[in-house]
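Visitor: Coordinates for the following, if possible.
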Amino acid sequence: MSMMQMLIIALTSNSSIVPPLDEFMSQLCYNEGCTDNILELASQRVTDGCSSDLSSDGFSDSVVMTAFQQYPLVREVLCTKT
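Guide: Predicted coordinates for the structure are as follows:
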């Protein structure tokens, strides 16, 4: 089951979100993070390929770029073991 499928099931069911979220974070943290170059390319592909969908939902290109730019920080926070 993919990470996205686990999150969708967790968010749409009446069961606890903790086990699927823990599994998602484990998979995310187990794999090496994306490079800045890959994140920039992915951001550009999303803005180029989905621009009309994003704008119809009220999202500007800068929102998409900001989300991709925040990935390293979010990943670091999620993957920090205490």
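
Visitor: Assign Phe59 to one of the three secondary structure states.
Guide: coil (DSSP: H, G, I helix; E, B strand; the rest coil).

Visitor: does the residue nearest the centre of the chain sit in a helix or strand, and which one?
Guide: Centroid-nearest residue in the chain: Tyr71, 7.3 Å away (criterion: CA atoms, centre = their mean). Element membership for Tyr71, per DSSP states H and E: helix 61-79.

Visitor: In this structure, where is pLDDT below threshold?
Guide: Residues of the chain meeting the criterion pLDDT under 70: 1-11, 13, 81-82.

Visitor: Which of the residues in the lengthiest helix in the chain are classified as buried?
Guide: Longest helix in the chain by number of residues, with DSSP state H as the criterion: helix 36-56. Within helix 36-56, the residues that count as buried by 16 or more other CB atoms under 10 Å are 39, 43, 46-47, 54. Every residue, glycine included, has its C-beta placed from N, CA and C.
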